[in-house]
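Asks: sharing a sequence plus its predicted fold:
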Amino acid sequence: MFFVTLLLEQTLSWMRRLSGTTSLRALLYFDEMFGYFPPHPANPPCKRPLLTLLKMARAFGLGLMLTTQNPVDLDYKGLTNAGTWFIGKLQTDRDKARVLEGMEGVVSEANTLLDRAYLDRLISSLGTRVFVLHNVHAPRPVLYQTRWALSYLRGPLTRSQVRTLMQPYKARTPQAAAAAPAAPTYAPVPRVAPPTAPQTAAGAQPAAAPAVLPSGYSPAAPRVNARVAQYYWPTDVSQQQALRALSGAQGVRLRAAQVAYQPYLLGLASVLFADTRSGQSQQEEVACLLPLPEAHGLVRWERALLPSFDDHLLEREPEPEALYAALPEGMGDTPPYTQLRNDFVDFIYRERTISRWVHSRLKLQSQLGETREAFLAHCRAEADAQRDAELDKIRQRAKTALDRLQDQLRRAEQTLEDQTITYRGRQGEELLSAGETIAGALLGKTAVGKVLGTRRSAALSSVARRRRMTTSAKANLQQAEDDIKRLKRDLETAQKEQEAALEQTRRAWDGVAEQVEEAALRPRKTDIRPAIFGLLWLPHWLLTWEDERGVVRQTLTPACRLLASEA
């Protein structure tokens, strides 16, 4: 906002020194207007000069092009001062209403033909890359379509990226050319200097120091702020071992050797991974080692991590009569180290996790440090237990249903037996009554028959009644038999459904125990505690040696196994 306000004020001052013209002298282009020209009552400092330019700049030959995705972000005073409109597809009714409201003001002043309903429909129906061009000097809007445009913009750059991009240009300046070269980027590079000292005899012993110092090294340690922690790594590679490590070092003779320190950045943090739900915790150490970067330089922490680090080997005092490489720019003070330490903690928080195993269906999670095989065994046991519990529930529900059907079947069988007895009794009574009726009919002409003749009609009605009772008993018997058949079918169906449900449940649990997922447990920032962070001087041997042809050479090679293993 500060920069934009100054720029607009300077543009306004420059404009007022010009004479009036009808030609376009310059064009001020402002993209993403959100926040710089808001509606009333918002009044940022850049709003006043921008509104002045919108009202007056055309008379001085200065054009303004303002772009935004939401017209409601712009003050209506600015909209009414715009004579040319490029309108794309607007998503919300508020944006369309603001555009139509502003355009109506322009149209009323310019006396052009414009139908609000027509323009509303037109804006709502715009396709991709289709725009409405409205000019106050034209009678109606014009539709046009833009071509495809492909841009490879990187986007905003960080300070570290800007510094990286500017390094080649800085190297071309006379100041950079005269400066001493910095330490190697990620691995020590051997430096070879031409011989400048006379050769010694064959039996001479190595001298205490080389005759010529390599470029960028000094016998005095660089000045470092006292609040920056400095450490020294012991020299655990001898001169002869370093000499033998040189390629093609057969038949060479060592003439001089001296320790030369190179600056590295060392970080060691204690990280606590805690699971608040289960109350488990695990602590580990994260160590990093990399050549000392420049202040505000870009550091790739993932490439600098060490698998293990023994901080007990660190020393507080250097080797006597050692050489020191120059520090990168700005690394003699504390702020860069503070920033790097914070970046290191942020890296651990973002990227450093420990894996654990979870089973969402079984609602299980592994113990910290538990292997996948051990967790799978636990999951299998839990899956078997839950499967057996579900099978027991199915059996219990099926048993209840089967018991109810079997009870109904027993009652139906008892009913059938009762109905059978009843039916047989009714059949006997019907036969007896029919016999009596027949006998009465045969004896009707005798004296006895004449006496019984008056009862003949009553006997016939009794036979009919017993016949109906027999028929009813037979129907009840048939119903009882049908009920038994139905209950037996229901019982058989229930048993089949129980077996199917059991089999389906068993298949559903097949392979469930193996559905294990890996989850990451991230530490809290408060649980990341840097124990060691500062400048670490790693020793190198500056060897002056004579090859088999008698040529004296000078080489810089690691003097510690830590650096040799990392390289």
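Replies: Perfect, thanks for sending it.

Asks: starting at the chain centroid, how far to the strand or helix carrying Ala508?
Replies: With secondary structure defined by DSSP states H and E, Ala508 is part of helix 456-509. Between the centre of helix 456-509 and the centre of its chain there are 65 Å (C-alpha atoms, centre = their mean, to the nearest Å).

Asks: in the next helix-or-strand element following that helix, what counts as buried?
Replies: Using DSSP H and E, the helix or strand that follows helix 456-509 towards the C-terminus is strand 517-521. The neighbour-count check on strand 517-521 (16 or more other C-beta atoms under 10 Å) flags Leu521 as buried. Heads up, the C-betas are built off the backbone N, CA and C, glycines and all.

Asks: next one: stretch 315-333
Replies: 318-319, 322-328, 331.

Asks: ok, now stretch 229-243?
Replies: Those would be 230-233, 235, 237, 239, 242-243, for stretch 229-243 by 16+ other C-beta under 10 Å.

Asks: now do stretch 386-399
Replies: 386-387, 390, 394, 398.

Asks: now that stretch: average pLDDT?
Replies: Average pLDDT, stretch 386-399: 89.

Asks: redo the buried residues of stretch 386-399 as a markdown table? Include secondary structure.
Replies: Formatted as a markdown table, the buried residues of stretch 386-399 follow (DSSP: H, G, I helix; E, B strand; the rest coil):
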| residue | secondary structure |
| --- | --- |
| Gln386 | helix |
| Arg387 | helix |
| Glu390 | helix |
| Ile394 | helix |
| Ala398 | helix |
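
Asks: circling back: which one of the buried residues of stretch 315-333 is nearest Thr67?
Replies: Pro328 (42.7 Å; C-beta to C-beta).

Asks: where does that closest one land in three-state SS?
Replies: Under three-state DSSP, Pro328 comes out as coil.

Asks: reformat the buried residues of stretch 386-399 as a markdown table; add distance to Leu562.
Replies: Formatted as a markdown table, those follow (distance: C-beta to C-beta, whole Å):
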| residue | distance to Leu562 |
| --- | --- |
| Gln386 | 52 |
| Arg387 | 54 |
| Glu390 | 58 |
| Ile394 | 64 |
| Ala398 | 70 |
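
Asks: farthest pair within those?
Replies: Gln386 and Ala398 (18.8 Å).

Asks: pretty sure Leu51 sits against Tyr76.
Replies: No. The criterion here is C-beta atoms under 8 Å, and Leu51 misses it with Tyr76 at 11.1 Å.

Asks: and the helices in the protein?
Replies: 2-16, 47-56, 76-80, 93-110, 116-124, 159-171, 174-178, 239-245, 301-304, 334-351, 372-442, 447-452, 456-509, 561-566 (DSSP state H).

Asks: quick one: closest of those helices to Glu518.
Replies: helix 372-442 (8.2 Å).

Asks: which elements pack onto that closest one?
Replies: Judged by 3 or more C-beta pairs under 8 Å, 6 or more residues apart in numbering; DSSP states H and E, helix 372-442 is in contact with strand 354-359, strand 364-365, helix 447-452, helix 456-509.

Asks: the helices of the chain: which one's closest to Ala138?
Replies: helix 93-110 (9.3 Å).

Asks: tell me the mean pLDDT for that closest one?
Replies: 67.

Asks: cool, and stretch 549-557?
Replies: For stretch 549-557, mean pLDDT is 81.

Asks: let's have the buried residues of stretch 315-333 in JSON lines, adding distance to Thr371.
Replies: Output for the buried residues of stretch 315-333, formatted as JSON lines (distance: C-beta to C-beta, whole Å):
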{"residue": "Pro318", "distance to Thr371": "45"}
{"residue": "Glu319", "distance to Thr371": "45"}
{"residue": "Ala322", "distance to Thr371": "47"}
{"residue": "Leu323", "distance to Thr371": "50"}
{"residue": "Tyr324", "distance to Thr371": "48"}
{"residue": "Ala325", "distance to Thr371": "46"}
{"residue": "Ala326", "distance to Thr371": "49"}
{"residue": "Leu327", "distance to Thr371": "46"}
{"residue": "Pro328", "distance to Thr371": "44"}
{"residue": "Met331", "distance to Thr371": "44"}
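
Asks: Ile532 touches Asp311, doesn't it?
Replies: Yes. Look at Ile532 against Asp311 with C-beta under 8 Å: they come within range, at 5.9 Å.

Asks: what's the burial count for Arg341?
Replies: 16 (other C-beta atoms under 10 Å).

Asks: next: Phe60.
Replies: Phe60 has 19 neighbouring residues, counting by other C-beta under 10 Å.

Asks: list the residues that contact it.
Replies: The contact partners of Phe60, by C-beta atoms under 8 Å, 6 or more residues apart in numbering, come to 15-16, 18-21, 25.

Asks: same for the helix holding Ala508, what does it pack against?
Replies: Applying 3+ C-beta pairs under 8 Å, 6+ apart, we find helix 456-509 packed against helix 372-442.

Asks: any idea of the angle the helix it packs on forms with strand 354-359?
Replies: Using axes from the mean of the first three to the mean of the last three C-alpha atoms, to 10 degrees, one finds that helix 372-442 and strand 354-359 are set 10 degrees apart in direction.

Asks: sorry, back to before: out of the contacts of Phe60, which end up buried?
Replies: Neighbour-count burial (16+ other C-beta under 10 Å) applied to the contacts of Phe60 gives Met15.
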